[in-house]
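1. build me a model:
(chains A and B)
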Protein chains: 2
Amino acid sequence: MKFCSECGGSISQIVPEGDDRLRHVCQQCGFIHYQNPKVVAGCIPEWEGQILLCRRAIEPRHGYWTLPAGYMENGETTTTCAARETLEEACAQVEIGPLFSFFSIPHISQIYLIYRGKLLKEEYAPGYESLEVGLFDAKDIPWDELAFPAISKTLELYWQDRADHRTRVYSGDILRRDGKPGDPRFRISAQDISNAD
Amino acid sequence: MKFCSECGGSISQIVPEGDDRLRHVCQQCGFIHYQNPKVVAGCIPEWEGQILLCRRAIEPRHGYWTLPAGYMENGETTTTCAARETLEEACAQVEIGPLFSFFSIPHISQIYLIYRGKLLKEEYAPGYESLEVGLFDAKDIPWDELAFPAISKTLELYWQDRADHRTRVYSGDILRRDGKPGDPRFRISAQDISNAD
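-> Alright, predicted model coming up:
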């Protein structure tokens, strides 16, 4: 950020009075430009025991497989976002179910929210951000060609729960692996869930 | 947004090729300035059956009561944010527990995340964003002087669960009450939770 979006003045990084962090502040009009984490929402679309994955046609991780997911837009809800991304990336209509995984990824300032989802019919096709789209069993998942750690971890936990016949929600943090030796990359806690009356 | 933060050029609102929404686009360098929802994280700090509330010293809703909560900063996790906000607004140290309520508020492009929390000791005081801070029983909560719908609804659900001796997580949407007649303002689903092994 070099110029103020309000007045066009030049930006300095300073700690404003009463604050304790460097902010982008306009030297001309004084406007403080806060920057905040972004939310990525998506789902695990299920169809007769299989799940739908998309192979990315865009960077980052062009050519790698992922769940349909993307940045929330202003004015939408997390579930609206998850359904919209599935329609855009896989041309598939889903009913969004309960939250499955919820991760903070602080080193890239993102929050990931992945819901359970049900395909409404067996119709899907690559959207303009996908090279191909397909249904997979656990044994067919391209584990070594998944796009992001949040997706790999979500799918691993999901298939484990399927095998164990349980319904859980997972929350936690995904950390860069450059901390102290022995630091876990994934700090995740699990809670068993059941629909309330 | 009037000027490009990258080059200082002037901004137009247009729908970029391959997109379907109006974006702020620089007429000079072509940079697309996406805008995304913000995340607010906070907690319900508990101490011997009571909970800690703060009376706001800042706008919006100056003078009204709220749970300690605020915008996530880049580089932090949702739980780090909830604990930091409690320290800043109530000078209180908390241990953050499981997620309690998780709301999308699309008309103001926010996500609210409120965790259960435990005060580590009975020490608290107004931070610079608070006029006063105090511990409350259910019967003493200033229900008519709460700052935001997300806070009122969270506290209502929380005390109901306490009375019913159950542990739930609530998720859903808080909508502006200007939709079709009969539209609910709160669309919330509840799940019973228990810690997994």
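2. next one: the residue lying closest to A:Arg61 once chain neighbours are set aside from A:Leu155, what distance?
-> In space, and not counting its chain neighbours, A:Arg61 is closest to A:Ala147: 3.9 Å by Cβ to Cβ, 6 or more residues apart in numbering or on different chains. Every C-beta, even on glycine, is put in place using the N, C-alpha and C of the backbone. Distance, A:Ala147 to A:Leu155, using Cβ to Cβ, to the nearest Å: 11 Å.
3. those two: which is more packed in?
-> When A:Ala147 and A:Leu155 are compared for neighbours, A:Leu155 comes out ahead with 23 against 20, by other Cβ atoms under 10 Å in any protein chain shown.
4. residues in contact with the residue nearest to the more buried one when sequence neighbours are not counted?
-> Nearest residue to A:Leu155, sequence neighbours excluded (Cβ to Cβ, 6+ apart): A:Ile141, at 6.2 Å. Applying Cβ atoms under 8 Å, 6 or more residues apart in numbering or on different chains, we find A:Ile141 in contact with A:Leu53, A:Trp65, A:Leu155, A:Trp159.
5. for those, which one is nearest B:Ile114?
-> Using Cβ to Cβ, A:Leu155 comes nearest to B:Ile114 of the contacts of A:Ile141, at 28.5 Å.
6. how much space between that closest one and B:Val169?
-> 22 Å.
7. what does A:Arg185 give?
-> 25 Å.
8. and A:Gln50, by the same measure?
-> Using Cβ to Cβ, A:Gln50 is found at 28 Å from B:Val169.
9. the two: which has the busier surroundings?
-> Set A:Gln50 next to B:Val169 and count neighbours by other Cβ under 10 Å: B:Val169 wins out with 23 against 16.
10. okay, and the beta partners of the more buried one?
-> Here B:Val169 sits in beta bridges with B:Gln191, as judged by DSSP bridges.
11. residue contacts, it?
-> Here B:Val169 is in contact with A:Val169, A:Gln191, A:Ile193, B:Pro98, B:Leu99, B:Phe100, B:Ser101, B:Phe102, B:Ala190, B:Gln191, B:Ile193 (criterion: Cβ under 8 Å, 6+ apart).
12. grab the nearest non-local neighbour of A:Phe3.
-> Spatial nearest neighbour of A:Phe3, excluding adjacent residues (Cβ to Cβ, 6+ apart): B:Gly8 at 4.0 Å.
13. buried stuff in the helix or strand that contains A:Ala163?
-> Element membership for A:Ala163, per DSSP states H and E: helix A:149-164. Buried residues in helix A:149-164, counted by 16 or more other Cβ atoms under 10 Å in any protein chain shown: A:Pro149, A:Ala150, A:Ile151, A:Ser152, A:Lys153, A:Thr154, A:Leu155, A:Leu157, A:Tyr158, A:Asp161.
14. against chain B, how distant is the first one?
-> Looking back up the chat, that one is A:Pro149. Per Cβ to the nearest Cβ, to the nearest Å, A:Pro149 is found 15 Å from chain B.
15. who touches the residue lying closest to that residue once chain neighbours are set aside in this structure?
-> In this structure, A:Pro149 finds its nearest non-sequential neighbour in A:Ile174, 5.5 Å apart by Cβ to Cβ, 6+ apart. Contact partners of A:Ile174, counting by Cβ under 8 Å, 6+ apart, are A:Phe103, A:Ser104, A:Ile105, A:Tyr112, A:Pro149, A:Ala150, A:Lys153, A:Arg185, A:Phe186.
16. domain assignment for chain A?
-> When chain A is parsed with automatic domain parsing, its domains come out as A:1-35, A:38-189.
17. what's the most buried one of those domains?
-> Mean neighbour count, computed with mean count of other Cβ atoms under 10 Å in any protein chain shown, is highest for domain A:38-189 among the domains of chain A, reaching a mean of 18.
18. what about the residue sitting furthest away from the middle of chain A, helix or strand, and which?
-> In chain A, the residue that sits farthest from the middle, by Cα atoms, centre = their mean, is A:Gln28; the gap is 37.1 Å. In this assignment (DSSP H and E), A:Gln28 forms part of neither any helix nor any strand.
19. contacts only, for it.
-> Neighbours of A:Gln28 in contact, by Cβ under 8 Å, 6+ apart: A:Cys4, A:Cys7, A:Gly8, A:Gly9, A:Ser10.
20. next, the first one: phi, psi?
-> If I follow you right, that is A:Cys4. Dihedral pair for A:Cys4: phi -70, psi 130, per degrees, to the nearest 10.
21. any chance of the contacts of A:Gln28 in a markdown table, plus secondary structure and pLDDT?
-> As requested, those are exported to a markdown table (DSSP: H, G, I helix; E, B strand; the rest coil; pLDDT from 0 to 100):
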| residue | secondary structure | pLDDT |
| --- | --- | --- |
| A:Cys4 | coil | 97 |
| A:Cys7 | coil | 96 |
| A:Gly8 | coil | 96 |
| A:Gly9 | coil | 97 |
| A:Ser10 | strand | 96 |
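22. farthest pair within those?
-> Farthest pair in the contacts of A:Gln28, by Cβ to Cβ: A:Cys7 and A:Ser10, 10.0 Å.
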